[in-house]
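only geometry, no sequence info:
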C-alpha cells in the first residue's frame, strides 16, 4: 500500500536515466553520457583535506539543526559581498543539498490547495516538490529563448498563489534571467503578496555577457518576499557531498529550521566544515572549470545547430543546451520503429548511438531534449559523431 501523496508523484526522469546508463555500462556498453547534471571535475583537494581534518578533529557529532555558526556566517558574508543582499546567520539554514532546501521552502510556506507557479522548461523536481506539499503546480511558458514571461505569470495569478519558483541560470535551458525581468517579478510578488523561491545553484557558471542577479538584492520589499536557495554542488563539484542552504526572512527561516529539525536535523557535520573551506579558500578551481565549460558550450552549440532540422536556443549559463528536435518526430528508425516524441528520440540515440540525453518532456518541454556538456571534449566530439550517424539513418 502506498500513500496518495507518493502515488501522485512522478519518478525523477534524470535519476532513472542515470540508473539505466550505469546498468548498461556495467554490462560493458560504451555509453557516452550527455545526460549527467554534474561537473565532470573532482572536488578541489583543499576542500577534501578540510573534510578529512574535521573528521580527525572529532567534528563528527550533531550540530545545530541549521548548521555550524562559522558556516552560516560565511554564507552571510558571501551573500552580502557577491550577491548584494544581507541575511543574518539566523536567517540561513544549511541543508542536505539544495534539493532539501527547496523542499523545506515549499513545505514551510504552502498549505493544501495553494498554487505555485513554475516557468517552463523547469527542473524535474520542482513540480513533484510542490505536489508533495499538497499544493498545485501551475506551469507557464517562457519566451523563445527561455527567458521569463512575466505577463504569462501575471495571467495565472490567483488568490491561491503562494509562490513562484525560478532557477537562474536555468536547468535545463541554460538561460540567465535579466535584471529587468527579475525586478518586475519581484515587484509583482510584493504587490500580490507571494514568495519568489529563487534557486541560484548554478550562479557561478555563466558565460558570455550575461551576469547573475539575485532577485532578493533588488529591494528591501522584494527581499522580504524571497527565499534564496543555493548550494555547493555545481560551483565546487560537490554533488555527492549533499550540502546546500536557504536564506529567507526570519519568520520563514524559523519555520524551515523547525521542519528540518523533524526530518534530517543537521547536514553532515564534517561536510559543513568542507563547505566552509570552499567559501573561504581559493576560487581558482571555479574559473578553471568555467573556462573549460565555455569552450565546450560553443563547440556543442555549433555542432547541434549544424544538425539537419535542429534548432538550438542561446545558453549562457549552467552546462546545458536544449535543442528542439521535433522535426524528427514521425520519422522511421532502421528497425521499422517510429519516433513519436522526445522519449522515443532519446531511446533511439541510446540504442543506436550509445549516447544518453534526457527527454525534454521530463522538463515540461516536449519538443526538446537536454544535452549536458559536462563531459570531456574527446567524448563530446565522439558523441556528436555518433548522433550525426544515428540521425542520418532515420527515414
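Here it is on my side, so go on. Only a predicted model underlies this, so the values are computations on that prediction, with no experimental measurement involved.

Next, name the residue at the spatial heart of the protein.
residue 171 (4.7 Å; CA atoms, centre = their mean).

Next, that one: secondary structure please.
When states are read from DSSP: H, G, I helix; E, B strand; the rest coil, the local structure at residue 171 comes out as coil.

got it, and the one 3 residues further on?
Classification of residue 174 into helix, strand or coil gives coil, according to three-state DSSP.

Can you name every helix or strand that the top helix by length along the chain contacts?
Using DSSP state H to define each element, the chain has its longest helix at helix 284-305. In this structure, helix 284-305 makes packing contacts with strand 320-321, helix 377-392, judged by 3 or more CB pairs under 8 Å, 6 or more residues apart in numbering; DSSP states H and E. (C-beta placed from N, C-alpha, C; glycine too.)

now the strands: where do they sit in the stretch 101-250 of the chain?
Remark: strands assigned in the stretch 101-250 of the chain by DSSP state E, counting those that start in this stretch are 115-120, 136-141, 161-167, 195-199, 226-231, 244-247.

quick one on the thing from earlier: now the longest helix of the chain: mean pLDDT?
Per-residue pLDDT values across helix 284-305 average out to 97.

Please spell out which residues along it are buried.
Neighbour-count burial for helix 284-305, with 16 or more other CB atoms under 10 Å as criterion, is recorded at 285-286, 289-290, 292-294, 296-297, 300-301, 303-304.

I'd say residue 91 and residue 247 touch.
Yes - using CB atoms under 8 Å, residue 91 makes contact with residue 247 at a distance of 5.9 Å.

Please say which of those two ends up with more neighbours.
Neighbour count, other CB atoms under 10 Å: between residue 91 and residue 247, residue 247 has more, with 31 against 24.

buried sites along the helix or strand of the chain with the lowest mean pLDDT?
When the helices and strands of the chain are scored by mean pLDDT, DSSP states H and E, helix 13-26 comes last with a mean of 78. When burial is assessed from 16+ other CB under 10 Å, helix 13-26 yields the following buried residues: 13, 14, 17, 18, 21, 24.

can you list contacts of it?
With CB atoms under 8 Å, 6 or more residues apart in numbering as the contact definition, helix 13-26 has outside contacts at 31, 33, 35-37, 124, 346, 350, 356, 358-359, 361-362.

pLDDT check: weakest of these?
At the low end of pLDDT for those is residue 36, which has 86.

picking that back up, can you pull the phi/psi pair for the residue nearest to the centre of the chain?
Note on residue 171: backbone dihedrals following degrees, to the nearest 10 are phi -110, psi 110.

I'd say it and residue 202 touch.
Yes - with contact defined as CB under 8 Å, residue 171 counts as touching residue 202 (6.6 Å).

Helix 377-392 and the longest helix of the chain, what's the angle between them?
Using axes from the mean of the first three to the mean of the last three CA atoms, to 10 degrees, one finds that helix 284-305 and helix 377-392 are set 20 degrees apart in direction.

circling back: quick one: common contacting residues for residue 91 and residue 247?
Shared contacts of residue 91 and residue 247, defined by CB under 8 Å, 6+ apart, comprise residue 253.

list the buried ones in stretch 256-266?
By 16+ other CB under 10 Å, the buried positions in stretch 256-266 come out as 256, 257, 259, 260, 264, 266.

In contact with the fifth one, which residues?
Contacts here follow CB under 8 Å, 6+ apart; on that basis residue 264 touches 95, 96, 100.

starting at the chain centroid, how far to the helix or strand encompassing the last one?
What it means is residue 100. Here residue 100, judged by DSSP states H and E, is contained in helix 98-109. Mean-position distance between helix 98-109 and its chain equals 14 Å (CA atoms, centre = their mean, to the nearest Å).

Which elements pack onto that helix?
strand 92-95, helix 124-132, strand 161-167, strand 195-199, strand 226-231, strand 244-247, helix 250-261.
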